[in-house]
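> here is my input; please provide its structure:
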Amino acid sequence: QVQLVESGGGLVQAGGSLRLSCAASGRTFSGYVMGWFRQAPGKEREFVAAISWSGGRTYYADSVKGRFTISRDNAKNTVYLQMNSLKPGDTAAYYCAAPRSGGVVVSRPAEYDYWGQGTQVTVSS
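I've put the predicted structure just below:
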């Protein structure tokens, strides 16, 4: 059974930092892109960042570029999202996701087959 488990969310003041982790089990994801998405109350799920299987290519939403960094450790089957200079607008539930196969459009939620349960990030002003 494939499982993605996020951790590291919490409450932080504006300008602060958090590091999210996503531990995968049930299969190896080392050959596939991994993504982070977020969803605020009343809004659609939106793309945050993605990383290629090797870690050599990273993709970011314009809203987080320069503040967030995605990375992965394939030996640990874990993906990370370092979030710096957090803003109240970053408040959302954050989800990691993985596809069943390759060749996906990394920014589209529908391209991903496996999702974690989410971790809440709340940024106070």
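
> got the CA coordinates for the helix or strand hosting Ser21 in CSV?
Taking DSSP states H and E as the criterion, Ser21 maps to strand 18-25. The C-alpha coordinates for strand 18-25 follow below in CSV (Å, rounded to 0.1, in the frame of the first residue of the first chain):
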residue,chain,number,x,y,z
LEU,A,18,9.2,26.0,8.4
ARG,A,19,10.5,22.8,6.8
LEU,A,20,8.0,20.3,5.6
SER,A,21,8.8,16.6,5.1
CYS,A,22,7.0,14.0,3.1
ALA,A,23,8.0,10.3,3.7
ALA,A,24,6.9,7.8,1.1
SER,A,25,6.4,4.1,1.6
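
> in three-state terms, label the residue most central in space within the chain for me.
Closest to where the C-alpha atoms of the chain average out (C-alpha atoms, centre = their mean) is Trp36, at 2.1 Å. Under DSSP: H, G, I helix; E, B strand; the rest coil, Trp36 falls in the strand class.

> hang on, it packs against Ile70?
Yes. Applying C-beta atoms under 8 Å, one finds Trp36 in contact with Ile70, separated by 6.4 Å. Any C-beta I mention is one placed from the backbone N, CA and C, and that applies to glycine too.

> what's the overlap in contacts for those two?
Both Trp36 and Ile70 are in contact with 49-50, 79, 81, where contact means C-beta atoms under 8 Å, 6 or more residues apart in numbering.

> now, which of the residues you listed lie within strands?
Secondary structure assignment by DSSP state E places 49-50, 79, 81 of the shared contacts of Trp36 and Ile70 in strands.

> on that earlier part again, which residues does the strand holding Ser21 contact?
Applying C-beta under 8 Å, 6+ apart, the contact partners of strand 18-25 are 2-10, 12, 34, 36, 76-83, 86, 94, 96, 98, 116, 119, 121.
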